[in-house]
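In: Sharing a model that was predicted from the sequence below.
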Amino acid sequence: MHELSIAMSMIDQIIEESESRGGLEVEAVHLKLGVFSGVDKEALLFSFELACEGSLLEGSRLVIESIPLVIYCAACQKNRTPPSIYELSCPECGSPGQTIVSGREIEVASLEIAA
Amino acid sequence: MSTRMVEVRAKVLKQNDLLARDLRDRFRREGTCVVGLVSSPGSGKTAFLEKLLSGLARDTRVAALVGDLATENDAARLRRATPNVRQINTGTVCHLDALMVEKALAEWQLDRIDFLFIENVGNLVCPSSYDLGEELRFVLLSATEGEDKPLKYPTIFNSSDVAVITKMDLAQAAEFDLAAARRNIESVRPGMQVFEVSSKTGLGMQSVLDFLHARLARARQPQVVATR
């Protein structure tokens, strides 16, 4: 359970970002979370709420967009979605996929600000 | 109430990633080959590392950082092989991060260390998110854990460079299906190098030592500069 550590890093980063822009009133945080990031969505939602308490972000929402796993198939020369996160092969030709294109993200995409 | 969107696009673990990159640069500059070890608790990381350290210490300079929630037990065990061991106690934290590694390195002269091992906290989930600046990451899987571990924890296997199957002396008793284990590793990390070892009998340890020696030699090779 390292989601609390992740949530705390995220909150520090957002507060810094908000201050650098003259203090934003953050209503919601939009996060891209790869299914291959090793971070659990539900645990992160829970941790975020907990970690926000008493901070400038208290009361803000976390909105998570799940990013699927995409690999590059060198044989087809195309990006492909593997059959599962434990079968890193091309669904078309069966070649093993050694390059991960996306699915590892833990990235704050945008902030929703009170206008 | 209306809201507006502000684009940020910031990696949450950016600070850790930046620090890990600095560490990796520093390790390369000083010529230290740094190997991270990850596995579930009880898979034999410390026994394996103890064998590696004593094997390598014959002709190279070795050091180790060892992470645990609590106790100095592992460091005490590893000190039988080399005095250059530091324990990192993480308290309640389930993984090591780059900052803990940087702090633990304080005052060590890296140019006097050929191999540095970083034994992570026993955990197959959390360490996968944190880059420690290591050159290579070994993931250990013991024959007694079952051959489907790679499928259950694909992210940690995929974020590692080498798989080591430990406790091979117990494989038969545990009815361990080696072919299935290798197949599962290949499925989550195609092309991954796999070693089979027993820290108890010494089986397979020489090939790991040879692999590491070759790796160090390659890293130390003077860079060839193209000339006309």
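Out: Structure received. Numbering: from 1, shown residues only, chains lettered A, B, ... in the order given.

In: And the helices in the chain, which stretches?
Out: Defaulting to chain A. Per DSSP state H, chain A carries helices over the ranges A:3-20, A:41-52.

In: that's the wrong chain, I meant chain B
Out: Going by DSSP H, chain B shows helices at B:14-30, B:45-56, B:73-78, B:98-104, B:149-152, B:154-158, B:178-188, B:205-220.

In: buried ones in the last one?
Out: Across helix B:205-220, burial judged by 16 or more other Cβ atoms under 10 Å in any protein chain shown covers B:205, B:208-209, B:212-213, B:215-216. For glycine as for every other residue, the C-beta is placed from the backbone atoms N, C-alpha and C.

In: rewinding a little: is it possible to get CSV of the helices of chain A that adds distance to chain B and mean pLDDT?
Out: Formatted as CSV, those follow (distance: least, Cβ to the nearest Cβ, whole Å; pLDDT from 0 to 100):
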stretch, distance to chain B, mean pLDDT
helix A:3-20, 5, 92
helix A:41-52, 10, 95
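
In: Using a markdown table, please lay out those together with mean neighbour count.
Out: A markdown table is the format used below for the helices of chain A (neighbours: other Cβ atoms under 10 Å in any protein chain shown):
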| stretch | mean neighbour count |
| --- | --- |
| helix A:3-20 | 19 |
| helix A:41-52 | 18 |
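
In: Using JSON lines, lay out those together with distance to residue B:68.
Out: Below are the helices of chain A laid out as JSON lines (distance: least, Cβ to Cβ, whole Å):
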{"stretch": "helix A:3-20", "distance to residue B:68": "17"}
{"stretch": "helix A:41-52", "distance to residue B:68": "23"}
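
In: so which of those helices comes closest to residue A:74?
Out: helix A:41-52 (30.7 Å; Cβ to Cβ).

In: What angle do helix A:3-20 and the closest one make with each other?
Out: On the basis of axes from the mean of the first three to the mean of the last three Cα atoms, to 10 degrees, helix A:41-52 is oriented at 50 degrees to helix A:3-20.

In: Remind me what helix A:41-52 packs against, helices and strands.
Out: Contact partners of helix A:41-52 among helices and strands, from 3 or more Cβ pairs under 8 Å, 6 or more residues apart in numbering or on different chains; DSSP states H and E: helix A:3-20, strand A:26-34, strand A:61-67.

In: Quick one: residues in contact with it.
Out: A:1, A:3-4, A:6-8, A:10-11, A:29, A:31, A:33, A:58-60, A:62, A:64, A:66 (Cβ atoms under 8 Å, 6 or more residues apart in numbering or on different chains).

In: Mind doing that once more with 10 Å?
Out: For helix A:41-52, contacts defined as Cβ atoms under 10 Å, 6 or more residues apart in numbering or on different chains pick out A:1-12, A:14, A:26, A:29, A:31, A:33, A:35, A:37, A:39-40, A:57-66, A:106, B:12.

In: re the thing from before, between the buried residues of helix B:205-220, which is nearest residue A:101?
Out: Using Cβ to Cβ, the buried residues of helix B:205-220 come closest to residue A:101 at residue B:215, 27.7 Å.

In: which residues does residue A:100 contact?
Out: A:34, A:36, A:69-72, A:82, A:88, B:158-159.

In: what's the closest of the helices of chain A to residue B:192?
Out: Taking those one by one with Cβ to Cβ, helix A:3-20 is closest: 26.3 Å.

In: Tell me what angle the closest one forms with strand A:61-67.
Out: Going by the same axes, to 10 degrees, helix A:3-20 makes 110 degrees with strand A:61-67.

In: Direction-wise, compare helix A:3-20 with strand A:26-34 and give the angle.
Out: Angle of helix A:3-20 versus strand A:26-34, following the same axes, to 10 degrees, is 130 degrees.

In: No further questions, thank you.
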